[in-house]
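> Quick one, fold the following:
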Amino acid sequence: MAQENKNETRKKMRIKKGDTVVVITGKYKGVKGKVLKAFPKDSTVIVERVNFIKRHTRPNQQNQQGGIVEKEAPINVSNVKLFNEKLNDVTRAVYKQAGDSRIRVCKKTGDEI
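Coordinates of the predicted model:
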């Protein structure tokens, strides 16, 4: 019962894979990067060159050496904002109804993303 209520109140993420974002808080504040992967269920995204962690790996077919590997970890979507190349500034994405389909547009300029 409690799980159903949690799922109903979750908002849809407005940031998708391939978007350019800027980190607005935390250790990597001000860093701009591309979204590599998005996890809507967890409301998190993986941004390139942001939030590095170290993983100890065993030798395998792909990695003969093994050892310590650095990779990006997910960060909460509330800690990033969409970057608009035309404005050279951060913005928000909103959905507009265009006929029978929805499109993402820039909140500040109204341009399609």
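> Now do the end-to-end distance for stretch 24-37.
The first and last residues of stretch 24-37 sit 18 Å apart, counting by CA to CA, to the nearest Å.
> Centre of the chain to it, how far?
Relative to its chain's centre, stretch 24-37 lies at 9 Å (CA atoms, centre = their mean, to the nearest Å).
> ok, residues contacting it?
Stretch 24-37 is contacted by residues 15-23, 45-51, 72, 74-75, 79-81, 83, 90 when judged by CB atoms under 8 Å, 6 or more residues apart in numbering. From N, CA and C alone the C-beta is placed, and that goes for glycine too.
> Who does the residue positioned nearest the centre of the chain form a beta bridge with?
Relative to the mean C-alpha position of the chain, the nearest C-alpha, by CA atoms, centre = their mean, is the one of Val45, at 3.4 Å. Bridge pairing for Val45 (DSSP bridges) gives the partners Ala38, Ile75.
> hang on, isn't it packed against Val23?
No. At 10.3 Å, Val45 does not count as touching Val23 under the criterion of CB atoms under 8 Å.
> Val21: neighbour count?
Val21 is flanked by 23 other residues according to other CB atoms under 10 Å.
> and if you look at the one 4 residues further on?
Residues lying near Thr25 (other CB under 10 Å) number 13.
> ok so, going back, and the contacts of stretch 24-37, which of them are buried?
The neighbour count (16 or more other CB atoms under 10 Å) marks 15, 19, 21-23, 45-47, 50-51, 72, 74-75, 79-81, 83 as buried among these.
> Where does pLDDT dip in the chain?
Residues of the chain that meet the criterion pLDDT under 70 lie in 1-11.
> Now do the helices in it.
Using DSSP state H, the helices of the chain run over 2-9.
> ranges for the strands of the protein?
Listed in chain order, the strands of the chain (DSSP state E) span 20-23, 32-39, 44-47, 52-57, 67-72, 75-76, 80-84, 89-91, 93-98, 101-106.
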